[in-house]
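Peer 1: Need a 3D model of the sequence below.
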Amino acid sequence: MSIVGSLPNLEVLKLKSGAAKGEKWNPIEGQFGRLKFLLIDQCELEIWEADNTHFPCLEHLVLGDVSLKEIPIGFAEIPDLEAIVLPRVKRSLWTSAEEISEERMNLGYEGLKIQPFRLPVIPLPREDIVVGFEDEADTVIKYLYEESKELDVISIIGMPGLGKTTLAWKIYNDSRVQFEFPTMIWVYVSDEFKMRDFFLTISKTFIDIDMSSNTDKELMSLVRYYLEKSKFILFIDDVWTAEAWRDIEAALPKSNKFGKVVITSRYEAVALLANQKRDPHRLRFLDSMESWMLLQLEVFRNLDACPPELENLGKIIAKQCRGLPLAIVLIGGILVETFSQGEGAVLKTEWEKISERMSQYLNEEKRGTENIIAFSYNQLPHDLRDCFLYLGMFPEGTEIHAWKLIRLWIAEEFIQQKPKKSLEEVAEDNLKNLINRNLVMVDKTKAEGGIKTCRIHGMIREFCKYEAAIARHNLFQEINRSMGVFDPRVFEIHKYPRLCIHSYVVDFLRMQPKGPKVCSFLCFSKEAITLPLEYIPSIPEAFDSLRVLDVNPIKFSIFPVKLTQLIHLKYIALSGDEFKSLPDAVSKLWNLQTIRINTMSRTFEIKANIWKMRQLRHFKTKAAITLSSELKGEVAENLQTLSTLSTQCCTEDLFDRTPNLINLGIRGDLATLSDSKCLRKLNRLQKLKLLYDVFPDVISENPLSRLPQPDKFPPNLKILELSATHLHWTHMSTLGKLSALKVLKLKDFAFVGKFWEAGGEGKFASLEFLLIARTNLEFWLASSDCLPGLKCLVLKNCERLVEIPLLHKSLQVLDIERVSKTAVASARKIEAEKENMQGQQHRAKRVVLSS
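Peer 2: Below is the predicted model:
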């Protein structure tokens, strides 16, 4: 290895399949001086004597099948080390990696990302209603159990709206499939297929770091490496063309007989190409009974709950949907809205009207589903229509964050003020209305129960784009490129008020577009885009009437100062790893409502006078914000979000000037808050995040000694998150006395110590959600009256925890990941006891053990 280590420009080293022999490795200091990526797999290595001086620039360490007993603790002092990936190793290495991460935090560095093989979160439809797929799912699952001599591909085909994705989702979540395949992956393709996005999605399943800087060839090699030896099942949803499948097939390990691929497509030619030895599974239409069952569940959430006077009419409406699940779901959303019109004869009349209108819309046989979407859209109140169509701005299959969507709607002036409600509350009601009508699907929910992310069906997105362009007079336009030509042409963009672009951004800006009427410019690329220095002024120069600028995937090397000339701006989302301050000139943007800054800096100085920016409602960044106390201005009545504020700025004067804060984050030396009374001034604050950061001091030598007393916290606080505070578990009694607290998240050694006895004075009377992520807790005792209202408990990276206590009967969800085997056994015991006591509805819903 000394020869390899002497290569002067070596940055990536992969040792696989006995590439290096011997049980012991003692690198020579001064070698591997530029190495950033090191992979060791299927080697004899047992003892590795090394430290930070041997690999001074190492960023990523990947260990596969090795006999190594521990990772050198000296690696904790490697400044740029970001991640240790342990895909197939024994438990002792996990402990070793955790110790390195903890030591790094003690030394003042960022903690490591320690990433196992894991199950991804599935971006799919609602889980509660699936009708007519039982026999279909069983048929496909039988294919998955069949032995094969090579990689096996199963295809599901059917027309749009027939439920291909829903069936694939049902199979994905089947317990038999999850038990059979340790590695499960979901990739959404669509007609906007990009091979690079395909690689990036799969790589995220195995490595939780940003791989967007890697070349396509490197990504393809990485994907092949992880898939060629795994027993995996890969779901590829909505493949449109034979060309797309050929590109995908070339990246898959055909020789892996333990791998299975399930694809969905609306085109039979794609399915036949994918596997010529097996006929595709053709999805059938729902029969009349299944259609009526699904409609009942959509409208009444139960079977046999339909009033007798509506039953015959309901069956007629179900039949009009022609067996298409998507059509039934959309019509169900319309019927639900009719209950606000009245009861009895009035309600029946409303249903009759809907049935008659459906007949008019469904005259065109080949456009049944499209016409049902149009019918559902035309039933929307006018103030909801632009909100709905705006969803077409997001790329197909995108997980849309509700917080961002709501603020964008407000900035676009789609939301009208209503009595006794904030603009945010009105916008959230609009989103809920669209969800209730089944036009939008909830993807993830917040710990407190609100909507975290959502998405729309591909056909609905296509309708939004078409309707926005035609009927709504160019509400927005998506910029695409085909065969090197942009569509629309660059010289035509002046016609459109809103533009979205998700790829080829630099090429587009290089052509010097001009759009004096463009009021919104959005980019939601799946990978980071580095903007060359010469193009930093190009966006404000091209669009001088912007109200909305959301370009978070674009990385700016310096703050684009010319943005400060865009006086109409209401919403800004920018990224720049080196951003350290918000210029004073931003003070002139008096219309700004939302500012989101993504930076790698630990601190961020606001030089702009936000007290003069009377419309500012939300300022979000992960860096510690500093504000000059010399800046003068009036009370910021509209400011609701301020995250993340440095501890030195947490003064009574500042909080007197922000009386309506709802969401606050604080980062820095939290000890300064222990005796402060400033937080209790925030009567409206509902969410508080506290991150203990005393860099460059070592946290273990200067841990947070205590929390503020309960009466020093905001009086109506509902959500509290603590990170890296290293408090002893005895201080949990302080939090237990916060009477309004419903959600508590403890991350990155927020609390430390082997023993926690929950109970005593602090009993968390209102707590419903508890997350504990990364701790050295071993023994947890809880009295029967502690946590009386807890509904959801999430434990992650609690590997030393011996047992989970039997908590109150209110517990509904127990979600565990990377805990000890004895803790898993206790979780299953809790699950069994709750089933015996209270039935299936109270069972722990998820138990995940990563090894």
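
Peer 1: top strand in this structure by residue count?
Peer 2: strand 618-627 (DSSP state E).

Peer 1: Tell me the first helix or strand C-terminal of that one.
Peer 2: Later in the chain than strand 618-627, the nearest helix or strand by DSSP states H and E is strand 641-646.

Peer 1: Counting by contacts, list what the following helix or strand past that next one packs against.
Peer 2: Using DSSP H and E, the helix or strand that follows strand 641-646 in sequence is helix 652-656. Of the remaining helices and strands, none touches helix 652-656 by 3 or more Cβ pairs under 8 Å, 6 or more residues apart in numbering; DSSP states H and E. Using the backbone N, CA and C atoms, a C-beta is placed for each residue, glycine as well.

Peer 1: Report the inter-axis angle for the longest strand of the chain versus strand 641-646.
Peer 2: Angle of strand 618-627 versus strand 641-646, following axes from the mean of the first three to the mean of the last three Cα atoms, to 10 degrees, is 20 degrees.

Peer 1: Pull the residues that contact strand 618-627.
Peer 2: 407, 593-599, 601-606, 610, 639-649, 654, 667-668, 693 (Cβ atoms under 8 Å, 6 or more residues apart in numbering).

Peer 1: let's see it at 6 Å
Peer 2: The list of residues contacting strand 618-627 from outside it, by Cβ atoms under 6 Å, 6 or more residues apart in numbering, reads 594-597, 599, 601, 603-606, 641-646, 649, 667-668.

Peer 1: Quick check: can you name the pairing partners of that strand and their directions?
Peer 2: With DSSP bridges as the test, strand 618-627 is paired with strand 594-598 (parallel), strand 603-606 (parallel), strand 641-646 (parallel).

Peer 1: Compare the ones you listed and give me the one nearest L727.
Peer 2: Closest of the strands paired with strand 618-627 to L727 is strand 641-646, at 19.2 Å (criterion: Cβ to Cβ).

Peer 1: Determine the set of other helices and strands touching the helix or strand hosting L335.
Peer 2: In the assignment (DSSP H and E), L335 maps to helix 325-337. For helix 325-337, the packing partners by 3 or more Cβ pairs under 6 Å, 6 or more residues apart in numbering; DSSP states H and E come out as helix 288-300, helix 368-378.

Peer 1: returning to what we had before: can you select the buried ones among the contacts of strand 618-627 for me in PyMOL?
Peer 2: Those of the contacts of strand 618-627 that count as buried under 16 or more other Cβ atoms under 10 Å are selected in PyMOL with:
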select buried, resi 594+595+596+597+599+601+603+604+605+606+641+642+643+644+645+646+649+667+668
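
Peer 1: quick one on the thing from earlier: how big is the angle separating the helix holding L335 from helix 368-378?
Peer 2: Going by the same axes, to 10 degrees, helix 325-337 makes 20 degrees with helix 368-378.

Peer 1: What mean pLDDT does stretch 459-479 get?
Peer 2: Across stretch 459-479, the average pLDDT comes to 86.

Peer 1: which residues are contacting it?
Peer 2: Counting by Cβ under 6 Å, 6+ apart, 160, 373, 389, 391-393, 396, 496, 498-501 sit against stretch 459-479.

Peer 1: before we move on, back to that, quick one: name whatever helix or strand follows the helix holding L335.
Peer 2: Taking DSSP H and E, what comes next after helix 325-337 is helix 344-361.

Peer 1: Give the buried residues for that next one.
Peer 2: Result for helix 344-361 [16+ other Cβ under 10 Å]: buried residues 347-348, 350-351, 354-355, 358, 361.

Peer 1: and if you look at stretch 583-593?
Peer 2: 583, 586-589, 591-593.

Peer 1: what's the closest of the residues you listed to F32?
Peer 2: The closest of the buried residues of stretch 583-593, once distances to F32 are taken by Cβ to Cβ, is P583, at 41.7 Å.

Peer 1: which residues sit in contact with the closest one?
Peer 2: Contacts of P583 (Cβ under 6 Å, 6+ apart): K607.

Peer 1: Equivalent analysis for the one 4 residues further on, please.
Peer 2: By Cβ under 6 Å, 6+ apart, the contact set of S587 is 608-609, 612.

Peer 1: wait, is it part of a strand?
Peer 2: No: read with DSSP: H, G, I helix; E, B strand; the rest coil, S587 is helix and lies in no strand.

Peer 1: Count the residues that sit near K254.
Peer 2: Applying other Cβ atoms under 10 Å, we find 12 residues neighbouring K254.

Peer 1: nope, E311 is what I meant
Peer 2: 13.

Peer 1: secondary structure class for it?
Peer 2: Strictly by three-state DSSP, E311 counts as helix.

Peer 1: While we're on it, how confident is the model there?
Peer 2: Per the predicted model, pLDDT is 90 at E311.

Peer 1: likewise L107?
Peer 2: For L107, the predicted pLDDT is 82.

Peer 1: and what of the one 4 residues further on?
Peer 2: Among the per-residue scores, G111 holds a pLDDT of 72.

Peer 1: since we're on it, how many residues are nearby?
Peer 2: When neighbours are defined as other Cβ under 10 Å, G111 has 18 of them.

Peer 1: is it fair to say K829 lies in a helix?
Peer 2: Yes: remark: K829 belongs to a helix, assigned using three-state DSSP.

Peer 1: Which residue, other than its chain neighbours, is closest to it?
Peer 2: L806 (7.9 Å; Cβ to Cβ, 6 or more residues apart in numbering).

Peer 1: And that neighbour, how far from A827?
Peer 2: 10 Å (Cβ to Cβ, to the nearest Å).

Peer 1: Equivalent analysis for K24, please.
Peer 2: Remark: distance between K24 and A827 (Cβ to Cβ) = 40 Å.

Peer 1: Neighbour count: those two, which is higher?
Peer 2: Each of K24 and A827 has its neighbours counted (other Cβ under 10 Å); A827 has more, 23 against 10.

Peer 1: Pull up the per-residue confidence for the more buried one.
Peer 2: 85.

Peer 1: thinking again about what came up before, any chance of the contacts of S587 in a markdown table, with pLDDT too?
Peer 2: A markdown table is the format used below for the contacts of S587 (pLDDT from 0 to 100):
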| residue | pLDDT |
| --- | --- |
| A608 | 94 |
| N609 | 93 |
| K612 | 92 |
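
Peer 1: hang on, the earlier thing: the helix holding L335 to helix 288-300, inter-axis angle?
Peer 2: Using the same axes, to 10 degrees, helix 325-337 lies at 40 degrees relative to helix 288-300.

Peer 1: contact partners of helix 325-337?
Peer 2: 161, 163, 291, 294-295, 298-299, 321, 369, 372, 376, 379, 437-438.

Peer 1: Could you check the pLDDT of the residue lying closest to P560 once chain neighbours are set aside?
Peer 2: Distance criterion Cβ to Cβ, 6+ apart; nearest residue to P560, sequence neighbours excluded, is I536 at 5.0 Å. Reported pLDDT at I536 in the predicted model: 93.

Peer 1: how many other residues sit next to I536?
Peer 2: 21.

Peer 1: how close does it get to V551?
Peer 2: I536 is 11 Å from V551, by Cβ to Cβ.

Peer 1: swap in I171?
Peer 2: 38 Å.

Peer 1: Also R357?
Peer 2: 41 Å.

Peer 1: Same check on M1?
Peer 2: When distance is defined by Cβ to Cβ, M1 is 45 Å away from V551.

Peer 1: These two: which is more packed in?
Peer 2: Under the criterion of other Cβ under 10 Å, the comparison of M1 against V551 puts V551 first, with 22 against 16.

Peer 1: Neighbour-wise, which one of the contacts of stretch 459-479 leads?
Peer 2: Most surrounded of those: other Cβ under 10 Å gives M393, at 27 neighbours.

Peer 1: Tell me if I'm right that that residue and I501 touch.
Peer 2: No: because the distance of 10.3 Å does not satisfy Cβ atoms under 6 Å, M393 is recorded as not touching I501.
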